[in-house]
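A.B. asks: this is a predicted model, with the sequence first.
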Amino acid sequence: MPFSSLKGEKAFQRLRGGRVGRGKYLTVRWFPLRPTAFNPVRVGIVVSNKVSKKATVRNKIRRRLREILRKMHLPPCEMVVVAQPEAVEASYWDLLKDLTHALKKSGLVQ
């Protein structure tokens, strides 16, 4: 399913009360969307300066997470994926495994 970016401070604030799943490298918060004819998954990916001071490293993590989410089949929802500082050492496969684990813990996927 295609996904779009989550934008605006209000959208991120709304997700503070969402369901949470944590892994070693990531934290996921999400809310379901009301079913309509076409409801994409809306995703916000947060990789802060606490993860790495270098923008190239932060962007690499962000690109990997975006690609992982693009290949997943998720139900319509709004979610925020927050990278932890440990994500710097993580490979693509580590991030994939950890994101899947966090989504299962939060109840979004089985």
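C.D. replies: In hand now; what should we look at? Numbers count the residues shown, from 1 in each chain.
A.B. asks: okay, CA-based contacts and neighbour counts for the rest of this
C.D. replies: Noted.
A.B. asks: pLDDT weak spots in the protein?
C.D. replies: 1, 35-37, 39 (pLDDT under 70).
A.B. asks: partner residues bridging the most centrally placed residue in the chain?
C.D. replies: With distances taken as Cα atoms, centre = their mean, residue 81 lies nearest the centre of the chain, 2.7 Å away. Beta-bridge partners of residue 81, counted by DSSP bridges, are residue 28, residue 45.
A.B. asks: where do the helices sit along this structure?
C.D. replies: Here the chain has its helices, by DSSP state H, at 9-14, 55-71, 92-106.
A.B. asks: of all these, which one is nearest residue 47?
C.D. replies: Residue 47 lies closest to helix 55-71 among the helices of the chain, at 5.9 Å (Cα to Cα).
A.B. asks: show me the contact partners of the closest one.
C.D. replies: For helix 55-71, contacts defined as Cα atoms under 8 Å, 6 or more residues apart in numbering pick out 1-3, 45-49, 51-52, 87-88, 92, 95-96.
A.B. asks: run the angle between it and helix 92-106 for me.
C.D. replies: Angle, helix 55-71 to helix 92-106, by axes from the mean of the first three to the mean of the last three Cα atoms, to 10 degrees: 60 degrees.
A.B. asks: what comes up buried for helix 55-71?
C.D. replies: Residues of helix 55-71 classed as buried by neighbour count (16 or more other Cα atoms under 10 Å): 58, 61-62, 64-66, 68-69.
A.B. asks: same question, stretch 16-28
C.D. replies: By 16+ other Cα under 10 Å, the buried positions in stretch 16-28 come out as 18-28.
A.B. asks: how many other residues sit next to residue 44?
C.D. replies: Residue neighbour count, defined by other Cα atoms under 10 Å, stands at 20 for residue 44.
A.B. asks: if we can go back for a sec, how about the buried residues of helix 55-71 in TSV, adding distance to residue 105?
C.D. replies: Converted to TSV, these look like this (distance: Cα to Cα, whole Å):
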residue	distance to residue 105
58	25
61	22
62	22
64	21
65	18
66	20
68	17
69	16
